[in-house]
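Trainee: Sharing a sequence plus its predicted fold:
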Amino acid sequence: MTINNIQIDKQKLLSKSEVLECLRENGEDDRALAHIRDYYNNIFGNELTWRYPISDGKFLGTFIVIIKEGFLSLPYDSVDREDGELLELSGAALFDEDTIQCFIDDWRLFSEDLLNAMTNMLHILQSE
């Protein structure tokens with residue numbers, strides 16, 4: 001499988017249980033997730049985790065992590081100044097096609113709306 005032009009050997013990916021165990025042992029926050037990012041960066045030259053900072057209606061945002069079983073959502077509901085996002089491991093779940101499509105659609109709407117607003121702001125500032 002290839003993601004962002006990186007050839008991924010699935011056998012070298014962590015499993016869902018390994019990811020959750022690592023997070024539980026290291027604090028269930030963004031700092032704990034750094035262990036997983038470092039592991040993937042050392043093997044694949046990329047962290048293979050992505051922050052999705054848009055609410056899905058249940059959580060403030062989520063991290064998407066590639067694992068042996070597919071793609072894992074690691075949601076968060078709060079952020080700490082020192083530890084970063086505080087993960088809600090009880091909400092950890094594998095993505096299915098419908099869910100990832102919904103995330104894509106929501107991202108596109110968010111991005112287009114923000115870009116349009118900022119473009120309008122620029123035009124207003126330029127006309128003053």
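Mentor: Thanks, I have it.

Trainee: from here on, contacts and neighbour counts on C-alpha atoms
Mentor: OK.

Trainee: and stretch 101-115, how far out from the chain's middle?
Mentor: Put simply, stretch 101-115 sits 15 Å off its chain's centre (Cα atoms, centre = their mean, to the nearest Å).

Trainee: Flag every buried residue along that stretch.
Mentor: The neighbour-count check on stretch 101-115 (16 or more other Cα atoms under 10 Å) flags residue 103 as buried.

Trainee: Just the CA atoms of it, as CSV, please.
Mentor: Extracted in CSV, the C-alpha atoms of stretch 101-115 (Å, rounded to 0.1, in the frame of the first residue of the first chain):
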residue,chain,number,x,y,z
GLN,A,101,-15.9,10.0,3.3
CYS,A,102,-17.7,12.1,5.9
PHE,A,103,-14.4,13.4,7.3
ILE,A,104,-13.3,14.3,3.7
ASP,A,105,-16.6,16.1,3.0
ASP,A,106,-16.5,18.0,6.3
TRP,A,107,-12.8,19.0,5.7
ARG,A,108,-13.6,20.2,2.3
LEU,A,109,-16.5,22.3,3.5
PHE,A,110,-14.5,23.7,6.4
SER,A,111,-11.5,24.5,4.2
GLU,A,112,-13.6,26.2,1.5
ASP,A,113,-15.5,28.3,3.9
LEU,A,114,-12.4,29.5,5.8
LEU,A,115,-10.6,30.2,2.5
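
Trainee: mind listing the helices for this protein?
Mentor: 16-26, 30-44, 97-127 (DSSP state H).

Trainee: Those: which one's closest to residue 6?
Mentor: Residue 6 lies closest, by Cα to Cα, to one member of these: helix 30-44, at 7.3 Å.

Trainee: quick check: angle from that closest one to helix 16-26?
Mentor: Helix 30-44 runs at 130 degrees relative to helix 16-26, counting by axes from the mean of the first three to the mean of the last three Cα atoms, to 10 degrees.

Trainee: Can you give me every residue that contacts the nearest residue to residue 41 once chain neighbours are set aside?
Mentor: Excluding the flanking residues, the one nearest residue 41 by Cα to Cα, 6 or more residues apart in numbering is residue 47, at 4.6 Å. Applying Cα atoms under 8 Å, 6 or more residues apart in numbering to residue 47 gives the contacts 36-41.

Trainee: at 7 Å instead, please
Mentor: Residue 47 sits next to 37-38, 40-41 when contact means Cα atoms under 7 Å, 6 or more residues apart in numbering.
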